[in-house]
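J.: Okay, predicted coordinates and the sequence, questions at the end:
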Amino acid sequence: MSDSADAAFWDVRYSAAETPWAAGDVQAALRTFASAQTGSPRVLIPGCGSGHEAGFLLDRGWDVLAIDFSGAAIAEARAVLGDRAGVAREADFFAFEGDDEPFDVLYERAFLCALPPRARPAYADRVARLVRPGGVLAGFFFLAETASGPPFGISRAALGELLCRAFEQVMDDPVSDSLPVFAGRERWQVWRRRDDREDRPSPDARERHH
C-alpha cells in the first residue's frame, strides 16, 4: 500500500513501529502556546498518532478530541492515554460525525504533510468549517520543496494561498527541537479563523473578477 490517503498505509507503519514523525513527547512551541491559553479550549487533533499531545492537553484541562483513520495508530494512542482513551476516536478527518460544534483550536502536527498534495484544497475547506470564527489553526508546518512524500512539503507561498481565504496568520516562529525528518524545515504557526464576513475570495476567484 503506497498511498498515504489510505488508512492501510499508516497501519503498516504503526504496526512495524516505523514512525520517524513520532516524537513521543511534546515540543516546546506547543507547551508555550498551551500555557498562554485560558479556560478549557475545545481542541481537535487530526492524525493524532500515538496521542502524546492529546495527553498533554488533557493534563491542562482542555476538551480534547483526537482522531486518526489508522486503527493501529488509535490503538497506540489509547494505550498511551490509559483511562482517558475515550478521547481518541478512529475516524476520517474529512467525514467524521459529531462535529456540529466548532473547535476553538485545531492542532496541526504532521497531518497536512502526511496528506497527498491533491487533498490540500479539501483540507483547507474542512479546517475552515471546523474552527470557529476567532479560533485558531495552530501547529507545526513542514515548509519544504519535496518531490515526493510523505512527508509532503509545501512552500510558504502555497500554504498562504491555501489558508488565506478563511484565516490570517498571527504567528510564524522557527522550531529548534524538530525531529530529524523535519529539522530545519519546520515552522510553528498560528492562523486565526476570520469571521465569515471577513472571508476573502480565493486567488482563482479574484482572477475571475478581473
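T.: Everything's here; your move. Numbering: from 1, shown residues only.
J.: May I see the buried residues of stretch 82-93?
T.: 84-85, 87-91, 93 (16 or more other Cβ atoms under 10 Å). (Each C-beta comes from the backbone N, C-alpha and C, glycine too.)
J.: what stretches of the chain score poorly on pLDDT?
T.: 1-2, 7, 10-11, 14-24, 98-99, 197-210 (pLDDT under 70).
J.: before we move on, back to that, redo the buried residues of stretch 82-93 as TSV? Include distance to Ala128.
T.: As requested, the buried residues of stretch 82-93 are exported to TSV (distance: Cβ to Cβ, whole Å):
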residue	distance to Ala128
Arg84	29
Ala85	30
Val87	24
Ala88	24
Arg89	21
Glu90	24
Ala91	19
Phe93	13
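J.: Go through the residues you listed and name the one nearest Trp62.
T.: Distance to Trp62 across the buried residues of stretch 82-93 (Cβ to Cβ) is lowest for Val87, with 9.8 Å.
J.: Confirm for me that the closest one is in contact with Leu81.
T.: Yes: under the criterion of Cβ atoms under 8 Å, Val87 makes contact with Leu81 at 6.7 Å.
J.: Report the set of residues contacting both of these two.
T.: Listed as contacting both Val87 and Leu81 by Cβ atoms under 8 Å, 6 or more residues apart in numbering are 54, 58.
J.: Relative to the biggest strand by length in the chain, what are the paired strands and their orientations?
T.: Ranked by residue count under DSSP state E, the longest strand found in the chain is strand 131-142. Applying DSSP bridges, strand 131-142 is found paired with strand 103-109 (parallel), strand 186-193 (antiparallel).
J.: most packed of these?
T.: strand 103-109 (a mean of 24; mean count of other Cβ atoms under 10 Å).
J.: Any idea how many residues pack against Ala183?
T.: Neighbours of Ala183 under the rule other Cβ atoms under 10 Å: 11.
J.: which SS class is it?
T.: Following DSSP: H, G, I helix; E, B strand; the rest coil, we place Ala183 in the coil state.
J.: going forward, begin numbering at 22 instead of 1
T.: I'll keep to 22 as the first residue from here, and by that count the last item is Ala204.
J.: now Asp46: how far from Ala131?
T.: Distance of Asp46 to Ala131, computed by Cβ to Cβ, to the nearest Å: 14 Å.
J.: what residues are up against the residue sitting nearest the centre point of the chain?
T.: The centre of the chain sits closest to Glu129, judged by Cα atoms, centre = their mean, with a distance of 2.3 Å. Taking Cβ under 8 Å, 6+ apart, we find Glu129 in contact with 67, 158-162.
J.: Rebuild those residues as CSV, extending it with distance to Arg34 and neighbour count.
T.: Shown next, in CSV, are the contacts of Glu129 (distance: Cβ to Cβ, whole Å; neighbours: other Cβ atoms under 10 Å):
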residue, distance to Arg34, neighbour count
Pro67, 17, 27
Leu158, 25, 26
Ala159, 26, 24
Gly160, 21, 26
Phe161, 19, 23
Phe162, 21, 25
